[in-house]
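Chemist: Test case, fold it:
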Amino acid sequence: MMKLALGPLLYYWPRAQVMEFYEQIADTPVDIVYLGEAVCSRRHELRAADWLAVAAMLADRGKEVVLSSLALIESSADFGAQRRLAANGHYQIEANDMGAVQLVSGQGGFVAGPHLNIYNPPTLQLMHELGARRWVMPLEMSRTGLGHMQNGRPAGMETEVFAFGRMPLAFSARCFTARNRNLPKDDCRFSCIDHPDGLMMRTREKQEFLVLNGIQSQSALVYNLVGEMAEMGAMGVDVARLSPQSQHMPQIIAAFDAARGGASQATPTAQAMEALLPAAACNGYWYGKPGLEYRMEDAA
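Modeler: Okay, here's the model as predicted:
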């Protein structure tokens with residue numbers, strides 16, 4: 001059966017909220033939990049010791065724990081933190097940039113994260129040779145592209161697909177959330193902690209366009225492949241990744257858990273999950289369409 005993974009927390013929440021969140025996650029049927037700060041090194045509600053304590057709690061509850069690295073390294077301090085992460089000695093690493101790949105290569109296996117931009121079998125083979133045991137499909141890759149990758153993936157390499165959440169699209173050296181308050185990045189006053197699911201950006205026509213999450217830009221709509229779980233399983237996908245949101249996460253996990261159990265009248269649909277989402281759903285990238293489009297499962 002396909003495994004469920006909870007991706008790294010992409011938002012900045014107060015420490016107590018983070019701890020409570022992962023206590024709830026420990027009682028859900030997710031198989032893999034990614035932990036750590038993957039967006040901005042200035043965020044420090046949780047220190048490294050706190051993340052390791054959460055990891056130990058989840059591991060004791062039967063979860064596979066993976067520590068996620070930053071996607072954008074901006075300083076020698078960031079690189080030092082990456083080095084310490086790679087040397088933790090207990091948990092495997094999700095490498096989100098090539099510097100992290102070099103740090104963990106040859107150390108017993110790692111996860112090649114979605115920001116490594118693996119778009120063809122030769123690149124996947126290279127990651128395998130460097131020690132990757134699982135790769136995460138780039139967000140905008142279609143099922144057709146995934147099929148090509150599956151046909152050429154090395155033996156023993158698992159495939160993980162981002163299946164739920166606001167899609168992390170881009171990173172910048174500038175903090176957009178701070179800029180919204182006319183604050184410089186170096187004095188951001190941790191503005192993103194006031195936006196537990198990111199800050200919505202709208203066009204002049206008031207259309208929801210992107211979500212600002214510090215230095216990260218996300219989709220305004222919520223990517224939701226709950227209706228495509230059976231197809232993903234048939235394609236040999238090993239892991240479906242769900243990205244954390246501040247509300248209803250246990251219910252969302254339960255819906256995907258039901259969906260991976262096989263097609264039946266009780267299988268949840270994207271329409272049935274609408275009340276659990278902070279915005280409308282989309283799934284266009286999966287079908288090779290613009291990402292903000294939504295295609296009905298029964299029309300696939």
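Chemist: Report the secondary structure state of Met232.
Modeler: Taken by DSSP: H, G, I helix; E, B strand; the rest coil, the conformation at Met232 corresponds to helix.
Chemist: residues touching the closest residue to Arg181 other than its chain neighbours, list them.
Modeler: Counting by CB to CB, 6 or more residues apart in numbering, the nearest residue to Arg181 once its immediate chain neighbours are dropped is Ser191, at 5.4 Å. (Glycine included, C-beta is placed from N, CA and C.) Neighbouring residues of Ser191 by CB atoms under 8 Å, 6 or more residues apart in numbering: Cys175, Thr177, Ala178, Asn180, Arg181, Leu183.
Chemist: same thing but at 6 Å, please
Modeler: Thr177, Ala178, Arg181 (CB atoms under 6 Å, 6 or more residues apart in numbering).
Chemist: In terms of pLDDT, where does it sit?
Modeler: In this model, Ser191 is scored at 94, pLDDT.
Chemist: Distance check, it against Gln125.
Modeler: Going from Ser191 to Gln125 by CB to CB, to the nearest Å gives 42 Å.
Chemist: list the helices and strands the lowest-mean-pLDDT helix or strand in the chain packs on?
Modeler: Least confident element among the helices and strands of the chain, by mean pLDDT, DSSP states H and E: helix 76-86 (a mean of 89). Of the remaining helices and strands, those touching helix 76-86 by 3 or more CB pairs under 6 Å, 6 or more residues apart in numbering; DSSP states H and E are helix 98-104.
Chemist: what about the chain, any weak spots by pLDDT?
Modeler: 262-267, 297-300 (pLDDT under 70).
Chemist: Walking through the stretch 101-250 of the chain, point out its strands one by one.
Modeler: 110-112, 132-136, 158-171, 199-202, 208-213, 216-224, 239-242 (DSSP state E, counting those that start in this stretch).
Chemist: any idea which of those is most buried?
Modeler: strand 110-112 (a mean of 27; mean count of other CB atoms under 10 Å).
Chemist: so what secondary structure elements neighbour that strand?
Modeler: Looks like strand 110-112 contacts strand 92-95, strand 132-136 (3+ CB pairs under 6 Å, 6+ apart).
Chemist: That strand pairs with which strands, parallel or anti?
Modeler: Using DSSP bridges, the strands paired with strand 110-112 are strand 92-95 (parallel), strand 132-136 (parallel).
Chemist: Show me what the shortest one is in contact with.
Modeler: Here strand 92-95 makes contact (CB under 6 Å, 6+ apart) with Tyr34, Val66, Leu67, Ser68, Ser69, Ala86, Val101, Val104, Gly109, Phe110, Val111, Gly113.
Chemist: do you know how far the last one is from Leu242?
Modeler: Read that as Gly113. In terms of CB to CB, Gly113 sits 15 Å off from Leu242.
Chemist: Same question for the first one.
Modeler: Using CB to CB, we find Tyr34 at a distance of 10 Å from Leu242.
Chemist: can you check the fourth one too?
Modeler: In this structure, Ser68 and Leu242 are separated by 14 Å, where distance is defined by CB to CB.
Chemist: do the same with the fifth one
Modeler: Here the criterion is CB to CB. By it, Ser69 lies 20 Å from Leu242.
Chemist: What segments of the stretch 1-150 of the chain are helices?
Modeler: Applying DSSP state H, counting those that start in this stretch to the stretch 1-150 of the chain gives helices spanning 15-25, 48-60, 76-86, 98-104, 121-130, 143-152.
Chemist: which helices and strands sit right next to the shortest one?
Modeler: Read it as helix 98-104. helix 76-86, strand 92-95.
Chemist: starting at the chain centroid, how far to that helix?
Modeler: Its chain's C-alpha centre and that of helix 98-104 lie 19 Å apart, by CA atoms, centre = their mean, to the nearest Å.
Chemist: What angle do helix 48-60 and the least confident helix or strand of the chain make with each other?
Modeler: Between helix 76-86 and helix 48-60, the angle comes out at 30 degrees (axes from the mean of the first three to the mean of the last three CA atoms, to 10 degrees).
Chemist: And stretch 239-253, what's buried?
Modeler: The neighbour-count check on stretch 239-253 (16 or more other CB atoms under 10 Å) flags Val239, Ala240, Arg241, Leu242, Ser243, Pro244, Gln245, Met249, Ile252, Ile253 as buried.
Chemist: Ok, stretch 141-149 next?
Modeler: For stretch 141-149, by 16+ other CB under 10 Å, it's Met141, Arg143, Gly145, Leu146, Met149.
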